[in-house]
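**Q** Predicted model, plus sequence, below.
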Amino acid sequence: PIRFGTDGRRGVVRDPATGDLKVVDVTPDNEAHVLVHDAHAASPTTAFALSRLADPDTLHRTPIGVLRDVRRPVYDTQMAHQLDTAVEQKGKGDLAALLTGNDTWTVGSSS
């Protein structure tokens, strides 16, 4: 649960009417509604909402820390895998043969 302040008296809840996050004084009546954040969740929605929680004028209650920590494929790793698969299926290829081959066409002038 996201609680902070002296003795954890403050907490973050989601407004049921708007879906917005807000900071409240935690009481026995609202304690069950205190937001539980999972930085590993697939959706970035709650992490983004938490990052926007600070008061823009004073920056009071600015969340600091890891708000999102997910594992996703890395571009160059996926690209290397794709290239390896192409080489396995079609061979290494020959750039010189490609450039000097017969599969070419000519663009003519329209004048």
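**A** Nice, thanks for sending it over. Small disclaimer: the values here were computed from a predicted structure and weren't measured.

**Q** Residue ranges in this structure under the pLDDT threshold?
**A** The chain contains residues with pLDDT under 70 at 59, 111.

**Q** Can you show me the strands along it?
**A** With DSSP state E applied, the chain shows strands at 3-4, 10-14, 21-25, listed in chain order.

**Q** can you tell me how far Leu53 sits from Val34?
**A** Leu53 sits 14 Å away from Val34, going by Cβ to Cβ, to the nearest Å. In this view, the C-beta of every residue, glycine as well, is placed from N, C-alpha and C.

**Q** shared neighbours, those two?
**A** With Cβ atoms under 8 Å, 6 or more residues apart in numbering applied, the overlap between the contact sets of Leu53 and Val34 consists of Val12.

**Q** just to revisit the earlier point, ranking the strands of the chain by burial, who's on top?
**A** Across these, the average number of neighbours (mean count of other Cβ atoms under 10 Å) peaks for strand 10-14, which reaches a mean of 19.

**Q** Would you map the helices across the chain?
**A** Applying DSSP state H to the chain gives helices spanning 45-51, 75-90, 95-100.

**Q** Could you find the residue nearest the spatial middle of the chain?
**A** Ranked by distance to the mean C-alpha position of the chain (Cα atoms, centre = their mean), the top residue is Pro44 at 5.6 Å.

**Q** Number of residues surrounding the closest residue to it other than its chain neighbours?
**A** Among residues not flanking Pro44 along the chain, Arg68 sits closest, at 5.9 Å (Cβ to Cβ, 6 or more residues apart in numbering). Arg68: 16 surrounding residues under other Cβ atoms under 10 Å.

**Q** Then Ala39?
**A** Ala39 is flanked by 13 other residues according to other Cβ under 10 Å.

**Q** and it, what is it in contact with?
**A** So, once contact is read as Cβ under 8 Å, 6+ apart, Ala39 ends up touching 47, 66-70.

**Q** Going by neighbour count, which of those are buried?
**A** Applying a neighbour-count criterion of 16 or more other Cβ atoms under 10 Å, the buried members of the contacts of Ala39 are 47, 67-68.
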